[in-house]
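Colleague: missing the sequence, but the structure's below:
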């Protein structure tokens, strides 16, 4: 993205990024290879950086998002517990266990939500590692989400102790932007690390 043409608001940037994402996916088929890249990179990273009994807060991607479900299958097969969000009123995310065979229903936001016991919003805070969906992350660590505010609220409850592997943004490589490209507000939290189909980028103060 050309910084001289950088959008002045989150909504402007969101529209541009969604259009660019749709164009790339229409013109560059290869979802299977991208899924395999995320399985290898993200699955191996989680297993390497969490204990065998770890809890990982993740999410089930929609059709336009990075295909991380094969990575989650690998993480689940390793014995780690995978939790995914269930939306609640007031921009709250509850969390429930995911397995490859669990029954799911579609929420009013078009998100697949497993059927089963819920563990409350604090499950996100207690997790050993968190995967955060993003439309973009700039090299200052600021994330652009989809506009619902759910993850902004969830991240605000996480202690701001630097842990370079704990909060991992997930987006496509073209959506890792230069520092200052994402408009910020006082409540915005910084991420520690970004995973794309091409690898990891440490951001903020991490080398």
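Modeller: Done, it's in. Fair warning: this is a prediction, and the values are worked out from it, not measured in the lab.
Colleague: quick one: the residue lying closest to residue 139 once chain neighbours are set aside and residue 141, what's the gap?
Modeller: Computed as C-beta to C-beta, 6 or more residues apart in numbering, the closest residue to residue 139 that is not its neighbour in sequence is residue 179, at 4.3 Å. Every C-beta, even on glycine, is put in place using the N, C-alpha and C of the backbone. Using C-beta to C-beta, to the nearest Å, residue 179 is found at 9 Å from residue 141.
Colleague: who's more crowded, these two?
Modeller: Counted by other C-beta atoms under 10 Å, residue 179 and residue 141 do not tie: residue 141 has more neighbours, with 22 against 13.
Colleague: just checking, that one touches residue 203?
Modeller: Yes. If you go by C-beta atoms under 8 Å, residue 141 and residue 203 touch, sitting 4.3 Å apart.
Colleague: need the pLDDT of residue 192.
Modeller: Listed pLDDT for residue 192 reads 81.
Colleague: now do the helices in the protein.
Modeller: Along the chain, the segments classed as helices by DSSP state H run 10-27, 31-38, 44-49, 69-77, 122-126, 150-156.
Colleague: which strands and helices sit next to the last one?
Modeller: With contacts defined as 3 or more C-beta pairs under 8 Å, 6 or more residues apart in numbering; DSSP states H and E, the secondary structure elements packing on helix 150-156 are strand 92-98, strand 129-133.
Colleague: ok, residues contacting stretch 93-111?
Modeller: Outside stretch 93-111, the residues that touch it by C-beta atoms under 8 Å, 6 or more residues apart in numbering are 57-60, 62, 72-73, 76, 81-88, 112-121, 123-124, 148, 150-151, 153-154.
Colleague: one step back: overlap in contacts of residue 141 and residue 203?
Modeller: With C-beta under 8 Å, 6+ apart as the test, residue 141 and residue 203 both reach 190, 191, 192.
Colleague: and the gap between the second one and residue 136?
Modeller: With the distance defined as C-beta to C-beta, residue 191 ends up 11 Å from residue 136.
Colleague: just residue 72 next, same as before
Modeller: In terms of C-beta to C-beta, residue 72 sits 22 Å off from residue 136.
Colleague: anything in contact with each of residue 191 and residue 136?
Modeller: Joint contacts of residue 191 and residue 136 (C-beta under 8 Å, 6+ apart) are residue 143.
Colleague: can you verify my assumption that residue 75 contacts residue 55?
Modeller: No. In this structure residue 75 lies outside contact range of residue 55 using C-beta under 8 Å: 10.6 Å.
Colleague: looking at these two, which is more packed in?
Modeller: residue 75 (27 against 20).
Colleague: show me the shaky parts of this structure.
Modeller: 1-8, 28-30, 160-165, 204-207 (pLDDT under 70).
Colleague: next, the buried residues of stretch 38-50.
Modeller: 38, 39, 41, 42, 43, 45, 46, 47, 49, 50 (16 or more other C-beta atoms under 10 Å).
Colleague: distance of the second one from residue 189?
Modeller: Meaning residue 39. With C-beta to C-beta as the criterion, residue 39 and residue 189 are 27 Å apart.
Colleague: rewinding a little: tell me the one of the buried residues of stretch 38-50 nearest residue 199?
Modeller: residue 41 (6.2 Å; C-beta to C-beta).
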